[in-house]
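*Asks:* mind looking at a prediction? Sequence and model below.
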Amino acid sequence: MSEENAGRSSRRFRLAAAAAAATLTIAACGGGSSGSSASSEPAPLPPGVAPTASEAARFLTQSTFGPTDASIERVRRIGYPAWIEEQFALPATPHLAYVQAHYDPAISGQNFNWLQDSFWQQALTAPDQLRQRVKFALSQILVVSAENGTIASLADSHASYVDLLGEHAFGNYRQLLEAVATHPAMGIYLTHLRNRKGDPVTGRVPDENFAREVMQLFSIGLLELNPDGTARLVNGAPVESYTNADTSGIARVFTGWSWAAPTTTDAAFNGSTTATYPDRSVRPMQAYPQFHETGAKTFLGVTIPPNTSAQASMKIAMDTLFNHPNLCPFIGRQLVQRLVTSNPGPAYVGRVAAACANNGSGVRGDMKAIIRAILLDAEARDAGRLADPQWGKVREPVLRLSNWARCFNTASASGNWTIRGLDSPSSSLGQQPLRAPSVFNFYRPGYTPPNTGIATAGLVAPEFQAIGETSVVGYTNYMQSVIVNGAGVAVNGVRDVRANYAAEQAVADNADALMDRIDRCLTNGTMPAAMRQEIRSAVNAISLTATNGRANRVHTAILLTMASPEYLVQK
Amino acid sequence: MTTQASRRQFLRTASALSVAGAATPFALNLASIAAASAQTAPDYRALVCVFLYGGNDAHNTVVPYDSASYQAYAGARATLAWDQATELVPLTPAVPAADGRQVALPLPLAPLATLFDAGQCAVVANVGPLVAPTNRASYTGRSVPLPPKLFSHNDQQSVWQASVPEGAKFGWGGRIGDLLAAQNANALFTCLTPSSNAVLLSGQQVRPFQLDANQGSIAFSALGSNSLYGSAAGATALRARLTATSGHLLEHELGRVNQRSIEGNAALRTALQSAPTLTPPTGNGLANQLALVARVISARSQLGATRQVFLVSLGGFDTHSNQATAHTALLTQLANAIAFFQATMTQFGTANNVTLFTASDFGRALLSNGDGCDHGWGAHHFVVGGAVKGRQVYGSFPDLTAGAPTDAGNGRLIPTTSVEQYAATMAGWMGVGASDLRLILPNLPNFATDTLGFMA
């Protein structure tokens, strides 16, 4: 892979504007109303119709990186559907410019730092919160991970990949799928960049890596599905959706793709930095006919005739996967799991899949229709689910941290939101965004914690795959420190991203008022009474006149909440 | 699934559970049950699974060496092939193969060749998931039931560990634990791993305990100091919050994990204080994990452990590309880590009590894709320890000729030995009774022999 890296020294992007654009505080960018012009201001909801603060916070927990006072008020004012449409209208916030502005070829894999910073900058401050959250969900389905050393060093390519997830988050899954298939970051990660057609003389066969995972993980999955996401049974048994012959067949489509270049010479295919574009790592891959399979390509009941071009073959393959009956329930269910609940009812999945199959105007794969269907569904909005002992999902560690940061008006001293290296389960979150252990993400959608009541009930709990006796300690200790000292890179002993608890400290002498503040955006105004009473007692046990008494009361109330199982499950 | 003998185990545990009552934390229940029913354990035995995530390329791990076999290998592998003259270390089995076939290990695995020739390491050839004996004809004709979701990473990891794909509810390591945990004073320390969750270690009763990868155990800092932001009341409240019980299934389980963490880490911390400091090979993450396992083994008396199953892991074996560099580095790390561990066990005097074995998602295709190879099925594996009848290749080393009875296409091996036979051999050594093996390994009755004879 040294060829790829060698190209780095020939260019260096310094876009000062991007650095200057870094937003300083969450409060400064409001809660999501920015970006909508006065002329398109939706009418306020009439009294009695508006969501309560609690309902709004719950909705925002599913649709953003965490509720804020401002976003709660916005949802209450205009309601869920108008808020979603308002979010759809906001422009996407890209990572690439920020990463390029800081890129330094001398530090190789450490360039992933800039993408981490940009991730948090956007997650915590960007107005397009719905897109950010869907983008994060997509990054866990269509995984490219900086755990791969080449990806870590090509942070600009990785940034541009994540940007395309954001761009298509409100587009169409068909375009998203092809953009993913032809992005060089994916080409590197799943090794179809520079994949050559088979050679009958040497016995060389095409690389099947992307071919297999694009089917298993990105589009149709391993088992044939009913429209409601349940497995289709024939004689009581599930049916596998493809065979190894299908994998070998579709692998022939993904041959002859490599770096973007002004030519299609062998040298360009092989990655010569002089033969390819300087910004090749952020351009879609291109086809090289001499390396593309010219024989027939048979998969999933489709045969692409001999001598079909790489581009035409790609289109047929993407169309085939996109139009497969599994696509909508397979992707729809996973998006529900990322945003709302681990075990959506089949009817809920069916409604999401139906919106995916047809947005009402005959269009398949419309992401906006899918997102509306997920967030506005009766099951997602049903307050009765708060009391359902099987409903909801474990909050991902990253979303716990973002929840804290957005709840308590954090600011970045550097303006760069330098929260990095969250991988360790012993001393951190055990979840570093964009650095999953493998293409199988941090956890699988079908993971069941063995030997638990969850397993006995036949349920899944994906996030439990990353939970163990060590990780629970790592998370709690990390938050104990972060709540007081902030998160991110420390300069002169002071961490970059720190909370402002002025509003909480102002009411620290009144434990009920303090608990109301905490409850508002951490537990969406639904903290169970017993939990509240336990925490309230612990708060009252701290003398107000002791050194840092007010601060300690606030910190204690927050940590006890965030350590509680009742908080850790998003309902 | 539940058959007579396992029911005996469940009944014993279930009745004890009902006596203990619902208010007691689950882990405490298990501990008290185990203590109550503990029998005298004459010795200590442990299994250590080294899981090679990504699908280790077995074709380049144990390599045909006699001239005819090597030619078939080298011809198919093209640029991926190890050079026979300069890159292979031939193994010298105690009894040479009757058919004259020879195998070798690549140079990065030379430390394992040394262990093999010293009788402390065996090779189990072409082992993998099977429902029933299968060959090329029955595979292509679909005339035998096949393992589900072949060639899929996550599912074959699960099938290796639990005989069923992703979503499996218990694995055979955990089921060994279920059957033998009564011999441990605290069932909490039956199945342990410094790696991520793996279904192998989950039983129907025992749960895997996640070790801290560096120190073995870590504490909730506020509980350790009995002070949360300066407040003892805060620390008390934190313990109560962490271990809160709930009617919600997910919340309840989180509380249980916290409870086990508090109990287990306290006991581990004490036990590991007197464990020797080890110096594993530098820059070798797998050796670090094995060093931790060795330290826990050294503390077995304090932990009241008589039967234990561990899992450590090494990732990166999905060598679709860049194989020459990546696989060499991985095999080097693997061999150095195993050699370090075996030397440590010898030093501790536990070499005969501990058996290490390798496992992986699957083997890989024989044919090259240019600079790597793709997902396969059967694979060769190593079993290491003083109780291993080493210096022998068990099972049938495959003919690598295209179209051979073990060829599923492109040189993906159809296994000739089942993972369940591999597992049963080690389960039997651990003390699982012959009649109980089939309880934990559902497809075992479909094979000619339950066990393979590689354990003393």
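*Replies:* Alright, I've got the coordinates. Since the structure is predicted, the reported quantities are computational estimates derived from the model, not experimental observations. Residues are numbered from 1 along each chain as shown, chains lettered A, B, ... in the order given.

*Asks:* residues near residue 272, how many?
*Replies:* Went with chain A since none was named. 16 (other CB atoms under 10 Å in any protein chain shown). The C-beta positions use only the backbone N, C-alpha and C, and glycine is treated the same way.

*Asks:* my question was about chain B, not that one.
*Replies:* Counted with other CB under 10 Å, B:Leu272 comes out at 19.

*Asks:* A:Arg395 now?
*Replies:* So A:Arg395, with other CB under 10 Å, has 19 neighbours.

*Asks:* any low-confidence regions in the chain?
*Replies:* No chain was given, so I picked chain A. A:1-40 (pLDDT under 70).

*Asks:* sorry, I should have been clearer: chain B.
*Replies:* Ranges of chain B meeting pLDDT under 70: B:1-42.

*Asks:* now the helices for the stretch 51-200 of chain A?
*Replies:* A:53-63, A:69-89, A:96-102, A:112-125, A:129-139, A:149-153, A:155-168, A:173-181, A:184-189 (DSSP state H, counting those that start in this stretch).

*Asks:* for the last one, which helices and strands make contact with it?
*Replies:* Read that as helix A:184-189. Here helix A:184-189 touches helix A:149-153, helix A:155-168, going by 3 or more CB pairs under 8 Å, 6 or more residues apart in numbering or on different chains; DSSP states H and E.

*Asks:* and the helices of the stretch 51-200 of chain A as JSON lines, adding distance to A:Gly453 and mean neighbour count?
*Replies:* Converted to JSON lines, the helices of the stretch 51-200 of chain A look like this (distance: least, CB to CB, whole Å; neighbours: other CB atoms under 10 Å in any protein chain shown):
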{"stretch": "helix A:53-63", "distance to A:Gly453": "24", "mean neighbour count": "23"}
{"stretch": "helix A:69-89", "distance to A:Gly453": "33", "mean neighbour count": "20"}
{"stretch": "helix A:96-102", "distance to A:Gly453": "44", "mean neighbour count": "23"}
{"stretch": "helix A:112-125", "distance to A:Gly453": "33", "mean neighbour count": "25"}
{"stretch": "helix A:129-139", "distance to A:Gly453": "27", "mean neighbour count": "24"}
{"stretch": "helix A:149-153", "distance to A:Gly453": "38", "mean neighbour count": "20"}
{"stretch": "helix A:155-168", "distance to A:Gly453": "35", "mean neighbour count": "25"}
{"stretch": "helix A:173-181", "distance to A:Gly453": "35", "mean neighbour count": "21"}
{"stretch": "helix A:184-189", "distance to A:Gly453": "37", "mean neighbour count": "26"}
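
*Asks:* okay if I get those helices as TSV plus distance to A:Pro437?
*Replies:* What follows is the helices of the stretch 51-200 of chain A, written out as TSV (distance: least, CB to CB, whole Å):
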stretch	distance to A:Pro437
helix A:53-63	26
helix A:69-89	31
helix A:96-102	22
helix A:112-125	15
helix A:129-139	14
helix A:149-153	13
helix A:155-168	16
helix A:173-181	20
helix A:184-189	13
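
*Asks:* do you know which of those helices lies nearest A:Trp404?
*Replies:* Counting by CB to CB, A:Trp404 lies closest to helix A:112-125 out of the helices of the stretch 51-200 of chain A; the figure is 10.0 Å.

*Asks:* give me the nearest residue to A:Lys393, chain neighbours excluded.
*Replies:* Nearest non-adjacent residue to A:Lys393, counting by CB to CB, 6 or more residues apart in numbering or on different chains: A:Ser342, 4.4 Å away.

*Asks:* so which of the helices of the stretch 51-200 of chain A comes closest to A:Val234?
*Replies:* helix A:173-181 (27.3 Å).

*Asks:* what residues does the stretch 51-200 of chain B put near chain A?
*Replies:* B:53-54, B:75-76, B:78, B:148-155, B:166-171, B:174, B:196-197, B:199 (CB under 8 Å from any CB of the partner chain).

*Asks:* inside helices: which ones of the residues you listed?
*Replies:* B:75-76, B:153-155, B:174 (DSSP state H).

*Asks:* gap between stretch A:167-184 and the chain center?
*Replies:* 15 Å (CA atoms, centre = their mean, to the nearest Å).

*Asks:* just put the helices and strands packed on helix A:184-189 in CSV and tack on distance to B:Gln183.
*Replies:* Output for the helices and strands packed on helix A:184-189, formatted as CSV (distance: least, CB to CB, whole Å):
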stretch, distance to B:Gln183
helix A:149-153, 45
helix A:155-168, 50
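
*Asks:* ok, now which ones touch the residue most central in space within chain A?
*Replies:* In chain A, the residue lying closest to the centroid (CA atoms, centre = their mean) is A:Phe136, at 1.4 Å. Contact analysis of A:Phe136 by CB atoms under 8 Å, 6 or more residues apart in numbering or on different chains lists A:65, A:123, A:338, A:398, A:433.

*Asks:* about what we covered before: pretty sure the residue nearest to A:Lys393 contacts A:Pro462?
*Replies:* Yes: with contact defined as CB atoms under 8 Å, A:Ser342 and A:Pro462 form a contacting pair (6.2 Å).

*Asks:* shared neighbours of the two, anything?
*Replies:* With CB under 8 Å, 6+ apart, A:Ser342 and A:Pro462 have common neighbours A:393-394.

*Asks:* distance check, A:Ile419 against B:Ala219.
*Replies:* Relative to B:Ala219, A:Ile419 is positioned 25 Å away (CB to CB, to the nearest Å).

*Asks:* so those two - more neighbours on which side?
*Replies:* The residue with more neighbours, out of A:Ile419 and B:Ala219, is A:Ile419; 30 against 18, by other CB under 10 Å.

*Asks:* SS state for that one?
*Replies:* Three-state call for A:Ile419 (DSSP: H, G, I helix; E, B strand; the rest coil): coil.

*Asks:* OK, contacts around it?
*Replies:* Contacts of A:Ile419 (CB under 8 Å, 6+ apart): A:116-117, A:120, A:401, A:487-488, A:496-497.

*Asks:* just give the nearest non-adjacent residue to the residue of the stretch 301-450 of chain A found nearest chain B, would you?
*Replies:* Chain B sits closest to A:Pro450 of the stretch 301-450 of chain A, with a gap of 3.3 Å, by CB to the nearest CB. Distances taken as CB to CB, 6+ apart put B:Ser202 closest to A:Pro450, at 3.3 Å, once the chain neighbours are dropped.

*Asks:* what about that neighbour, neighbour count?
*Replies:* Applying other CB under 10 Å, I find that B:Ser202 has 29 neighbouring residues.

*Asks:* was I right about it contacting B:Cys191?
*Replies:* Yes: between B:Ser202 and B:Cys191 a contact is recorded at 7.5 Å, counting by CB under 8 Å.

*Asks:* overlap of the contact sets of the two?
*Replies:* B:174, B:208.

*Asks:* nearest to B:Thr332, of the helices and strands packed on helix A:184-189?
*Replies:* That would be helix A:149-153 among those, by CB to CB, at 17.2 Å.

*Asks:* and the closest one with chain B, contact?
*Replies:* No: counting by CB under 8 Å from any CB, chain B has no neighbours in helix A:149-153; the shortest distance is 8.9 Å.

*Asks:* mind listing the helices for the stretch 101-250 of chain B?
*Replies:* Using DSSP H, counting those that start in this stretch, helices in the stretch 101-250 of chain B cover B:110-117, B:136-140, B:153-162, B:172-180, B:221-225, B:232-242, B:249-272.

*Asks:* rebuild these as TSV, extending it with distance to A:Asp279.
*Replies:* Output for the helices of the stretch 101-250 of chain B, formatted as TSV (distance: least, CB to CB, whole Å):
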stretch	distance to A:Asp279
helix B:110-117	45
helix B:136-140	48
helix B:153-162	33
helix B:172-180	50
helix B:221-225	47
helix B:232-242	50
helix B:249-272	45
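
*Asks:* list the contacts of the closest residue to B:Leu268 other than its chain neighbours.
*Replies:* Nearest non-adjacent residue to B:Leu268, counting by CB to CB, 6+ apart: B:Ser217, 3.7 Å away. Going by CB under 8 Å, 6+ apart, B:Ser217 touches B:211, B:264-266, B:268-269, B:272.
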